[in-house]
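**Q** Fold the following, please.
(2 chains)
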Amino acid sequence: MLKVINLKKVFTNEKMFGKGKTEVIAVAGVSFEVKDGTIMAIVGESGSGKTTIARCLAGIEIPDEGEIIFNNEPLMFDTKEKRAAVQYVFQDTFGSLNPRMKIGDIIAEPIGFHFNKTGNELRLGVIACLESVGLKTEIENKYPHELSGGQRQRVVIARALAMRPSLLIADEPVSSLDVSVQAQILSLFQKLNKENKISIVFITHDLRLVKSLADDIIVLKDGKIEEQGSVENVFCKPKSAYTKLLLSSIPGNPQK
Amino acid sequence: MSVIEIKALSVDYKLGQKQLLHALKSVNLAIGAGEALAIVGESGCGKSTLASSLVNLLALNSISSGTVLIDNKNILEMTNKELESVRGVKAGTIFQDPAASLNPVFSVKEQIEETIMAHLKIKDKSKLKEMAIKLLEETGIKEAQRVYESYPHQLSGGQQQRVMIAIALSCSPKILIADEPTTALDVTVQAQIIELLKRLKKERNLSLILITHDLHLALDLCKRVIVMYAGEIVEDTIMQNKEASAHPYTRALFEIIPDINENKREFAVIPGEVPDLKMVMNECYFKNRCHKVGEKCGKAHPEMVNGVRCFYPYTKERVKS
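**A** Okay, here's the model as predicted:
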C-alpha cells in the first residue's frame, strides 16, 4: 500500500554572513514497503532520520530524491480524499492541539470539512470518534490543558481516525507518556490495526515496544537502513552489529 | 548504620485557598551506606517529592511534617545557610533533563569550578582545573580538555548528563540522588550512563537513590526496590525479578513493560488512573485497578506488613543469593 523507493533528504545550513554552507544528509536512500493492514516500526537513535522520513510521508518536507508510492500512485495531497487517507500522530500532544479550542470542536472541524456534516450528524460523528479511542463523551466540553497526557494523545488519535484513514503515521506517539499510559495507548493502536484495518508506520526509539506491536521493522542509523525484515527475524537473529548493540542496551535484557 | 533515615514524612501541597494535595503520606525509609535503592512508580505517585525532600528542595507551597535525618540532623528544620553544607556536599543530585539543569551561558569549566569553590573553598586556579578535568575523566568523558572548555549546547545529551554527574560528585558526597537520569536519553546512551552509575557507586561506595518508572532499569542497577503508589510506599523488597515481588501493583508494573524475550502479541494494561491525591480514603488506594481485589480492600487501609502494603499479596519467591 505504501512504497518508499530510494528516499533522500539533505538539509543545507547556510553559515552566518554567507561564509559557505554545511550539508546534513538526514536520509540517505531509504527504501521500504508497508503492506496492507500491517504495522511497520522504524527504529533508530536521535539523528538517525526517523522523523525526517515521517515528515516526508506527511508532505511537510519535500524529498530531494526518490519516490513515495501510495496506493499505486505517487503520494500527493491535491484532493480532499487523498489528504484524508494519510493521518498523523506526533509526540508532542500539546503542540498538536489548539489550546483555544474545545476537544469537541477540535474533532468536529475536520469531520465537518471533509464529510460535509453539520448539526446533529456532526455531533454523533464526534461522539463515535471519542468512543472508539475509549474516551468519555463529557470530554468534548473541555480544553486541552484540562486533560492528562494520555487523554490528549487519545484525542489526537481520535481526530486522525475521524478521517477514516488507511494509513496512520505515528512519530514517537508514546515517548512523553508514563509507562502505564504507554501500554494503554499501544494496545489502542493494536486494536485500530486489527479492527479498522489501518496500516501504521510506528516510529520509536524504544525497541521493547516494537516486539509485541509491529509486523516489520527497519533499523535506521545515520539516515541509512542498517537492517530490515520481519520483527521475529530481526529480534531473534539480528545480523547487523548495530541492531545487536540496540538489543543489548535494553534494560533487563539477559542477552547481555 | 543508615545514612538517611526518613520517619513519618508527610508532604502536602497547598492548592488555592482550602485544598490540599497529599503528595506523601507518612513515609518511613532508611537507606544504608553504599546501598543502591530504586524508587519506582507512575507519574504522580510521589517519587520526585520524596527525592526533593531528601535535600529540602520542596516547592514553596508545600507543607511537610516528620523528619528526614542525614547524619542525625533533620534536613527539614535547617535554614538555607545550613542546607548549603548538605546539598552537594553530603548529597549530590542529578535530574532528568541535563540540558535544563546546566546553565546555557556558562561554560562547563565555570559550572564545575563554581561548585568546588563554593563548597570546598578552593581558590587556586590550577588546582581547580586539575580537579575538574579529573572529575570529567572519571565520568568517562574522553576529550575532557575540550568538554571542560565547551558550553552545554556544544555537547551531546550523553555528555551533558556526564557533566551533570561530574558536578554532582565534585564535593565527594556519600549520597547520590538520580531523578530519572536517563529518560531524556537514547537507549544506547542510557545503557552507558547506567554502567557509569554502577561503576561510580562501587568505586566511591555511594548510597545511590535512583528514581525511575522503569522497573527493569531499576533492577539493572539496584537490588532494593521501593514501589510508590498514591504517595505511599506499597512495597519495599530486595528483588531480582517479578516473582520476588508481592504487591499486585509491582507485578502490574513489571507486566506493562513488554518483554522482548516473550512472543506475546498483546500489551498488558493497568486499567484506570492514579487516584486523586486530594482525597484521603479509608481503603486501599489501588483497589479500583487491582485484579486481586477482595472484600477487605474497600473497608480498611492496609498497613505495611513484611515490606508489603496489601491484604492479598502474592507469595514471594525466595531470593537466591
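
**Q** how about the helices in chain B?
**A** B:47-54, B:80-83, B:98-101, B:108-120, B:125-138, B:144-149, B:157-168, B:187-204, B:215-221, B:248-256 (DSSP state H).

**Q** Close to chain B: what parts of chain A are there?
**A** Within chain A, the residues that sit near chain B (CB under 8 Å from any CB of the partner chain) are A:45-46, A:148, A:150, A:178-180, A:182-184, A:186-187, A:190, A:205-209, A:211-213, A:235, A:245-255. Quick note: C-beta positions are derived from backbone N, CA and C, even for glycine.

**Q** which residues touch residue 189?
**A** This is for chain A. Contacts here follow CB atoms under 8 Å, 6 or more residues apart in numbering or on different chains; on that basis A:Phe189 touches A:39, A:157, A:170, A:173, A:200, A:202, A:213.

**Q** actually it's chain B I care about, not the one you picked
**A** A:45, B:156-158, B:161, B:182.

**Q** please redo it, this time with the cut-off set to 10 Å
**A** A:45-46, A:249, B:156-159, B:161-162, B:182 (CB atoms under 10 Å, 6 or more residues apart in numbering or on different chains).

**Q** now do A:Ala183
**A** A:Ala183 sits in contact with A:174, A:177, A:209, A:212, B:252, B:255-258, B:266-270, where contact means CB under 10 Å, 6+ apart.

**Q** any idea which of these is the one closest to A:Phe90?
**A** A:Val174 (11.4 Å; CB to CB).

**Q** confidence score at that closest one?
**A** At A:Val174, the pLDDT value in this model is 89.

**Q** For my notes, confirm it occurs in a helix.
**A** No: the assignment for A:Val174, made by DSSP: H, G, I helix; E, B strand; the rest coil, is coil rather than a helix.

**Q** Now do the phi/psi pair for the closest residue to it other than its chain neighbours.
**A** For A:Val174, ignoring the flanking residues on the chain, the nearest one in space by CB to CB, 6 or more residues apart in numbering or on different chains is A:Gln182 at 4.3 Å. Dihedral pair for A:Gln182: phi -50, psi -50, per degrees, to the nearest 10.

**Q** Low-confidence stretches in the stretch 101-250 of chain B?
**A** Of all residues in the stretch 101-250 of chain B, none has pLDDT under 70.

**Q** Which residue does chain B have closest to chain A?
**A** Using CB to the nearest CB, the single residue of chain B nearest to chain A is B:His216, 2.9 Å away.

**Q** Now do that residue against A:Gly252, distance only.
**A** 3 Å (CB to CB, to the nearest Å).

**Q** Now list whatever residues contact both of the two.
**A** A:208, B:241, B:254, B:257, B:259.

**Q** Show me where chain B has its strands.
**A** Assigned by DSSP state E, chain B shows strands spanning B:2-15, B:19-32, B:36-40, B:62-70, B:73-74, B:91-94, B:175-179, B:207-212, B:224-229, B:232-238.

**Q** beta partners of the most centrally placed residue in chain A?
**A** The C-alpha lying nearest the average C-alpha coordinate of chain A belongs to A:Ala170 (CA atoms, centre = their mean; 1.4 Å). For A:Ala170, the beta-bridge partners under DSSP bridges are A:Val89, A:Phe202.

**Q** Please list all residues in contact with it.
**A** A:Ala170 makes contacts with A:39, A:41, A:54, A:87-91, A:153, A:156-157, A:160, A:185, A:189, A:200-204, as judged by CB under 10 Å, 6+ apart.

**Q** Centre-most residue in chain B?
**A** Among the residues of chain B, the one closest to the centroid is B:Ile211, at 2.7 Å (CA atoms, centre = their mean).

**Q** what sits against that residue?
**A** B:37-41, B:47-48, B:50-51, B:95-96, B:177-181, B:183, B:218, B:226, B:228 are the contacts of B:Ile211 under CB under 10 Å, 6+ apart.

**Q** same question, B:Cys310
**A** Taking CB under 10 Å, 6+ apart as the criterion, B:Cys310 is in contact with B:234-235, B:246-250, B:284, B:286, B:290, B:292, B:296-297, B:302-304.

**Q** which stretches of chain A form strands?
**A** A:2-14, A:21-34, A:39-43, A:65-70, A:73-74, A:86-89, A:167-171, A:199-204, A:216-221, A:224-230.

**Q** Please identify the most buried of those.
**A** For the strands of chain A, the largest average neighbour count (mean count of other CB atoms under 10 Å in any protein chain shown) is found in strand A:39-43, namely a mean of 25.

**Q** low-confidence ranges in the stretch 151-256 of chain A?
**A** Residues of the stretch 151-256 of chain A that meet the cut-off, pLDDT under 70, sit at A:254-256.

**Q** give me the residue from it nearest chain B.
**A** Closest point on the stretch 151-256 of chain A to chain B, by CB to the nearest CB, is A:Gly252, at 2.9 Å.

**Q** doesn't B:Phe254 make contact with that residue?
**A** Yes: taking contacts as CB atoms under 10 Å, A:Gly252 lies within contact range of B:Phe254: 9.5 Å.

**Q** okay, and the common contacts of the two?
**A** Joint contacts of A:Gly252 and B:Phe254 (CB under 10 Å, 6+ apart) are B:215-216, B:219, B:241.

**Q** B:Thr79: neighbouring residues, count only.
**A** Residues near B:Thr79, counting by other CB atoms under 10 Å in any protein chain shown, number 7.
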